[in-house]
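Colleague: Build me a model:
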Amino acid sequence: QVHLVESGGGLVQPGGSLRLACTTSGFTLEDYAIGWFRQAPGKEREGVSCISSSGRPYYIDSAKGRFTISRDNVESTLYLQMNGLKPEDTASYHCATNLGPDLDCSGAGNYDYWGQGTQVTVSS
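Modeller: Alright, predicted model coming up:
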């Protein structure tokens, strides 16, 4: 049974950093594409960063140079290192996968497996 559990969110000042973690179970993380998505109140869900089964990363433009996606295949954990956080990064962050080699990282796709999310709030 597939499970995705996010952690690492919190309240941080603008310019600060957080590292989100998505602990996975029920599948072999390195064999599938997986990604980070976020949703803020009143806004559409958007993909933040995804990584394919081959390890190719994707970032939305606003995350390039600030966020880094990585995975620890031994620990079956996906990470998102977020630096230089801005108030507009405030959202609930979720990890998701369809257990395929690639993943629609737009946020508009259908995602078979979705975690409960971790809240990130960037405010002074």
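Colleague: Quick check, central residue of this protein?
Modeller: residue 36 (2.0 Å; CA atoms, centre = their mean).
Colleague: if I look at that one, how far off is residue 124?
Modeller: 24 Å (CB to CB, to the nearest Å). Bear in mind the C-beta positions are built from the backbone N, C-alpha and C, glycine included.
Colleague: Repeat that for residue 11.
Modeller: 10 Å.
Colleague: of these two, who's got more company?
Modeller: Relative neighbour count places residue 11 above the other of residue 11 and residue 124, with 12 against 8, counting by other CB atoms under 10 Å.
Colleague: per-residue confidence for that one?
Modeller: What the model reports as pLDDT for residue 11 is 98.
Colleague: ok, now which ones touch it?
Modeller: 121, 123 (CB atoms under 8 Å, 6 or more residues apart in numbering).
Colleague: List the strands paired with the helix or strand hosting it, with their directions.
Modeller: Counting by DSSP states H and E, the element that carries residue 11 is strand 10-12. Strand 10-12 sits in its sheet next to strand 118-122 (parallel), going by DSSP bridges.
Colleague: Just the strands from this structure, written as ranges.
Modeller: Along the chain, counting by DSSP state E, strands occupy 3-7, 10-12, 18-25, 34-39, 46-51, 57-59, 67-72, 77-82, 91-97, 113-114, 118-122.
Colleague: can you list the ones you listed in a markdown table and add distance to residue 104?
Modeller: Listed next are the strands of the chain as a markdown table, based on distance: least, CB to CB, whole Å:
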| stretch | distance to residue 104 |
| --- | --- |
| strand 3-7 | 17 |
| strand 10-12 | 28 |
| strand 18-25 | 17 |
| strand 34-39 | 9 |
| strand 46-51 | 8 |
| strand 57-59 | 10 |
| strand 67-72 | 16 |
| strand 77-82 | 17 |
| strand 91-97 | 10 |
| strand 113-114 | 13 |
| strand 118-122 | 22 |
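Colleague: right, and those - which one's nearest residue 106?
Modeller: strand 46-51 (5.4 Å; CB to CB).
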